[in-house]
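S.K.: A predicted structure for the sequence below; I have some questions about it.
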Amino acid sequence: MKGWLMVKFEEAFKNIKERFINKDASNIEDIAIQFNMIGKPAGVFCIKVRSEKLSIEPYEYIDHNVKITGTYKVFIKILDRKINPIKAFLTGKIKVTGNLGKAETIEKILRNQYSWYKL
């Protein structure tokens, strides 16, 4: 992977989206989580589950349940299990607004795909 500051938003979004393709969203309640990526690269994307189908798109979603703000580097480290998201929140590496309980849905989606995934 290129240096963190060299990645464009489109490339960063593609990298994140690939980690969610074909994820099992069964037994996941309907939700919309907006991610605001700050720093370089910067951009917005949304992960939605509707009727147990997951989608991830590069746009702002006004009716989100929760909004998570952080850097691309931190988001990737959370997805790679190098940073615990709760610790990232408590140490200010990410900011979460809205329904904090709904933020745990990301872990549920990842856990459905990988039985070993524990945060």
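M.R.: All right, it came through fine.

S.K.: gap between the two ends of stretch 7-27?
M.R.: With CA to CA, to the nearest Å as the measure, stretch 7-27 spans 34 Å from end to end.

S.K.: return the set of buried residues in that stretch.
M.R.: Using 16 or more other CB atoms under 10 Å as the test for burial, stretch 7-27 gives Val7, Phe9, Ala12, Phe13, Ile16, Phe20, Lys23, Ala25. The way it works is simple: take the backbone N, C-alpha and C, and place the C-beta from them, glycine included.

S.K.: show me how far that stretch is from its chain's centre.
M.R.: 8 Å (CA atoms, centre = their mean, to the nearest Å).

S.K.: rewinding a little: in helices, which of the buried residues of stretch 7-27 fall?
M.R.: In this view, the buried residues of stretch 7-27 that belong to helices under DSSP state H are Phe9, Ala12, Phe13, Ile16.

S.K.: and the residue lying closest to the last one once chain neighbours are set aside, which of the three is it?
M.R.: Think Ile16. Distances taken as CB to CB, 6 or more residues apart in numbering put Phe75 closest to Ile16, at 6.5 Å, once the chain neighbours are dropped. What DSSP: H, G, I helix; E, B strand; the rest coil gives for Phe75 is helix.

S.K.: any chance of the ones in helices among the buried residues of stretch 7-27 in TSV, with distance to Val49 and pLDDT too?
M.R.: Converted to TSV, those look like this (distance: CB to CB, whole Å; pLDDT from 0 to 100):
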residue	distance to Val49	pLDDT
Phe9	23	95
Ala12	22	94
Phe13	18	95
Ile16	16	92
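
S.K.: distance to Asn65 for those - can I get that in JSON lines?
M.R.: Output for these, formatted as JSON lines (distance: CB to CB, whole Å):
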{"residue": "Phe9", "distance to Asn65": "23"}
{"residue": "Ala12", "distance to Asn65": "23"}
{"residue": "Phe13", "distance to Asn65": "20"}
{"residue": "Ile16", "distance to Asn65": "19"}
